[in-house]
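**Student:** Got a sequence here, can you model it:
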Amino acid sequence: LAQAARSPRTVMAVGKNKRLTKGKKGGKKKVGDPFLKKEWYDVKAPTPFLVRSVGKTLVTKSQGKKLASDGLRGRVCEINLADLMGGDEDHAHRK
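**Tutor:** Below is the predicted model of the structure:
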């Protein structure tokens, strides 16, 4: 009967369960403004057009081996031909 009183639940190892009182490991990550990591780039049209500056676009800044120029590659801009020709109404066309 004395052995039955010693169940595995009543015997605990000394010095365990230290993580119960501590908080999460690492803590919370600081949330910053995503626009602080971005740069503005000019979008330019080819030389045959009268208006060279078409607009601006936003891209993430270069960091390590990840370059900002790689983020610009493959982007497609839709621009009205009349805007590129200097406001010529003959070329004004909308989709």
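**Student:** The one helix or strand Thr57 maps to pairs with which strands, parallel or anti?
**Tutor:** Element membership of Thr57, judged by DSSP states H and E, is strand 53-60. Using DSSP bridges, the strands paired with strand 53-60 are strand 38-44 (antiparallel).
**Student:** pLDDT on the strand it pairs with, on average?
**Tutor:** Per-residue confidence for strand 38-44 averages out to 93 on the pLDDT scale.
**Student:** Report the buried residues of it.
**Tutor:** Residues Tyr41 are the ones in strand 38-44 that count as buried (16 or more other C-beta atoms under 10 Å). In short, each C-beta sits where N, CA and C put it, glycine included.
**Student:** Alpha carbons of that strand, as CSV, please.
**Tutor:** Below are the C-alpha coordinates for strand 38-44, written out as CSV (Å, rounded to 0.1, in the frame of the first residue of the first chain):
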residue,chain,number,x,y,z
LYS,A,38,11.5,52.1,-51.2
GLU,A,39,13.0,54.4,-53.8
TRP,A,40,11.3,56.4,-56.6
TYR,A,41,12.5,55.8,-60.2
ASP,A,42,11.7,57.9,-63.3
VAL,A,43,9.9,56.1,-66.2
LYS,A,44,11.3,57.4,-69.5
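**Student:** contact partners of that strand?
**Tutor:** When contacts are taken as C-beta atoms under 8 Å, 6 or more residues apart in numbering, the neighbours of strand 38-44 outside the stretch itself are 52-61, 68, 72, 77.
**Student:** Same check on stretch 61-68?
**Tutor:** Counting by C-beta under 8 Å, 6+ apart, Lys37, Lys38, Glu39, Tyr41, Val59, Thr60, Ser69 sit against stretch 61-68.
**Student:** Noted, bye for now.
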